[in-house]
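Peer 1: Pasting the sequence and the predicted model now:
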Amino acid sequence: MTLILKDKAALRAWRATLAPGQKLGFVPTMGALHAGHISLMEQARAAADVVIASIFVNPLQFGPNEDLSRYPRPIEADLAKLEAAGVDALFLPSVEDMYPPGASTFVEESMVSLPLCGAERPGHFRGVATVVLKLFNLVQPHLAVFGQKDAQQCAVIERMVRDLDVPVDIRRGAIVREADGLALSSRNVYLSPEDRAAAPLIYQSLRAVEAAYFDGEHDAGKLAALGLAVLARSERIVPQYWEVRDPESLGAIAKVGSRGALLAVAAHLGTTRLIDNLLLSPGSAAKAIG
Ligand code: AMP
């Protein structure tokens, strides 16, 4: 049975029942759960004694013209998936409970949150960092699992935890994809059939650039241009960025060196914005050649 904790008071009462030796794993989400979310729950299950998930569509991380009001909220189906995954508890707070009127304190990471999605979505990572720190303070987990799908979000949270001495072990979970390569996302349900048919080009652009890198192309500008050229095969895809970045700092690089690189892409299909990424690691290139 997944216990539903509808507010902070219920969460705190439940948290107090856990023994000090019980390791608590946490997976924060915005709901509309899919196999990508569930893989994070399984990772938490394997590493912890007790697993709690949260579903909270955080208004603070949505821009004024983004999809907050139409974000999918299939709570009954989500609950069934959490039960099936053996998740022990679900924290399901309201916006009013999470943000008392006049809340005026925010968490701002000021380096890795600046480029890529940070540049396209002002305030987004401030909203993410603030809600994640609040959730960590409330849940007090030993470990928390985040998806590599949102690579920049992982980087921001890892920085926050390091810089502010937050006692939570952050783990990353691999990207779960459809058979045709499209990364699972709660936003995929918005895609028209035509846009859904074009969407796998996003992953194909990442794989084409990976192949070019293995073939010896290390120039970041040329690799990004190749990625954009693959996206241009469909006029339905409007790229927002296609970047080759340092895998840790997310800073710009001219060449892919010994640290490898993060290939990161964001694109619109109709009104839907999708993101995807791939880590180029020099180790895997050596393996591919050898
Ligand atoms: P969201 O509900 O979109 O905020 O996502 C909640 C968590 O699930 C985040 O840590 C995401 O990175 C992760 N996630 C989303 N999509 C995927 C995916 N396709 N594979 C693995 N993790 C994912």
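Peer 2: Sure, I can see it. Numbers count the residues shown, from 1 in each chain.
Peer 1: hang on, isn't residue 175 packed against residue 150?
Peer 2: No - counting by C-beta atoms under 8 Å, residue 175 does not reach residue 150; the two are 9.5 Å apart. Quick note: C-beta positions are derived from backbone N, CA and C, even for glycine.
Peer 1: Once you drop chain neighbours, what's closest to residue 220?
Peer 2: Nearest non-adjacent residue to residue 220, counting by C-beta to C-beta, 6 or more residues apart in numbering: residue 244, 3.9 Å away.
Peer 1: Tell me who's in contact with the one you found.
Peer 2: If a contact means C-beta atoms under 8 Å, 6 or more residues apart in numbering, then residue 244 has 209, 220-221, 223-224, 253, 256, 261-263 as its contacts.
Peer 1: ok, 10 Å please
Peer 2: Neighbour list for residue 244: 209, 213, 218-224, 227, 252-256, 261-264, 280 [criterion: C-beta atoms under 10 Å, 6 or more residues apart in numbering].
Peer 1: in what helix or strand does it lie?
Peer 2: Secondary structure here is read from DSSP states H and E; on that basis residue 244 sits in strand 237-245.
Peer 1: Report the distance from the lengthiest helix in the chain to the chain centre.
Peer 2: With secondary structure taken from DSSP state H, the chain has its longest helix at helix 124-139. In terms of C-alpha atoms, centre = their mean, to the nearest Å, the centre of helix 124-139 is set 14 Å apart from its chain centre.
Peer 1: Does anything pack onto it? Which helices or strands?
Peer 2: Other helices and strands packing on helix 124-139, by 3 or more C-beta pairs under 10 Å, 6 or more residues apart in numbering; DSSP states H and E, are helix 8-16, strand 24-29, strand 50-55, strand 89-91, helix 95-98, helix 116-120, strand 143-147, helix 151-163.
Peer 1: out of these, which comes closest to the ligand?
Peer 2: Distances from the ligand to each of the helices and strands packed on helix 124-139 were compared using C-beta to the nearest ligand atom; the minimum, 2.5 Å, belongs to strand 143-147.
Peer 1: what helices or strands is the closest one leaning on?
Peer 2: Secondary structure elements in contact with strand 143-147, counted by 3+ C-beta pairs under 10 Å, 6+ apart, are strand 24-29, helix 35-47, strand 50-55, helix 124-139, helix 151-163, strand 169-173.
Peer 1: buried sites along it?
Peer 2: The neighbour-count criterion (16 or more other C-beta atoms under 10 Å) identifies 143-147 as the buried residues of strand 143-147.
Peer 1: likewise stretch 95-106?
Peer 2: Of all the residues in stretch 95-106, those buried under the rule 16+ other C-beta under 10 Å are 98-99.
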